[in-house]
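In: Model the following, please.
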Amino acid sequence: VKPEELFDWPVFLGAMYKPRADAALVFSSDIASGLLAGYTWAKHRYGFNDNGAAFLLTDHLRADAGISPARAQALVQAIGVAEGARVPVPQLPREANDAAQRTLQARGIAPSDTMVLLCPATVQKLAWPNAHWEELVRALQDEGVCLAVLEPCEVQLPANTPVLSMPKDTLELAALLNHASVVVAADSPVLHLADLLEISAVGIYGPTTPEECTLPLLSGERRPLCHEMNCRPCPETPCPEKLCLQAITPEQVIKAIKELLRL
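Out: Residues are numbered from 1 along each chain as shown. Okay, here's the model as predicted:
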């Protein structure tokens, strides 16, 4: 997860370079991702031949598909996951898990609590309306559900809502997600990371579709929510009204959460 603020980049680059990674995986075709992989000097730098910085990669894959599960499968097969085999769940370092546990305990959330983690942040065109998030938070709190909200968050929250800062380290973010019983997020890197960690997740999809965005052969429970419309999947510039996202109600999300929590 690349930093949004310029002053965060030195720490981010330092974390990428040391300790030295054994492998770097480049999923997208944008030049920045290829440059970052090159910066790691990992022994193996896997990516596709359509990447703008492919010359920095050591292992080149043929790009037969655009951004899709098929492309992701080609990438994981390159590092030894057999075709049709289940993608292994990444093992997180103890230090990251301990840091996540301290963060939650500081917000009054115990390791044994059944926590629902709400993650509103995504690019604007994929964002579920703030009013829907606000209604969801109020409804869950009224039902006594233990929840926390991950920043950045532009949603108006009740004063007693636990808010968690977005970790600058991806491993710490993964550990934080790993402590959640259910993650709720729009189509975003956080949702896909939860999928990779096989955490039960409710995905809120508007202009995009779960079939295009989800890596197959993961065994985590998912509840992808979307509203079928003739214009989905959406072109590059969605309509200003984002009707497909407006149509997904907080009640639908609550129903999906309860199914995952077996309530």
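
In: residue closest to the middle of the protein?
Out: Nearest to the mean C-alpha position of the chain, by C-alpha atoms, centre = their mean, lies residue 190 at 1.8 Å.

In: Find the nearest non-adjacent residue to that residue, please.
Out: Counting by C-beta to C-beta, 6 or more residues apart in numbering, the nearest residue to residue 190 once its immediate chain neighbours are dropped is residue 119, at 4.6 Å. C-beta here means a position set from N, CA and C on the backbone, and glycine is covered the same way.

In: Tell me the bridge partners for the one you found.
Out: According to DSSP bridges, the partner residues bridging residue 119 are residue 185.

In: shouldn't it be in contact with residue 191?
Out: Yes - with the criterion set as C-beta atoms under 8 Å, residue 119 and residue 191 qualify as a contacting pair; they are 7.2 Å apart.

In: Which neighbours do those two have in common?
Out: 183, 185 (C-beta atoms under 8 Å, 6 or more residues apart in numbering).

In: returning to that earlier point: check the gap between the residue nearest to residue 190 and residue 90 for me.
Out: With distances defined as C-beta to C-beta, to the nearest Å, the gap from residue 119 to residue 90 amounts to 19 Å.

In: These two: which is more packed in?
Out: residue 119 (28 against 12; other C-beta atoms under 10 Å).

In: Low-confidence ranges, the stretch 51-200 of the chain, go.
Out: Under the criterion of pLDDT under 70, the regions of the stretch 51-200 of the chain flagged as low confidence span 65-69.

In: how about the helices in it?
Out: Listed in chain order, the helices of the stretch 51-200 of the chain (DSSP state H, counting those that start in this stretch) span residues 69-78, 94-106, 130-142, 170-178, 189-196.

In: quick one: buried residues of the second one?
Out: Neighbour counts using 16 or more other C-beta atoms under 10 Å place 96, 97, 99, 100, 101, 103, 104 of helix 94-106 among the buried residues.

In: Distance to residue 173 for those - can I get that in CSV?
Out: As requested, those are arranged in CSV below (distance: C-beta to C-beta, whole Å):
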residue, distance to residue 173
96, 9
97, 12
99, 10
100, 9
101, 14
103, 11
104, 13
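
In: To residue 224, which of the helices of the stretch 51-200 of the chain lies closest?
Out: Put simply, out of these the one that sits nearest residue 224 is helix 189-196, at 9.5 Å, with distance taken as C-beta to C-beta.

In: show me the contacts for the residue nearest to residue 190.
Out: Residue 119 makes contacts with 149, 150, 183, 184, 185, 186, 188, 190, 191, as judged by C-beta under 8 Å, 6+ apart.
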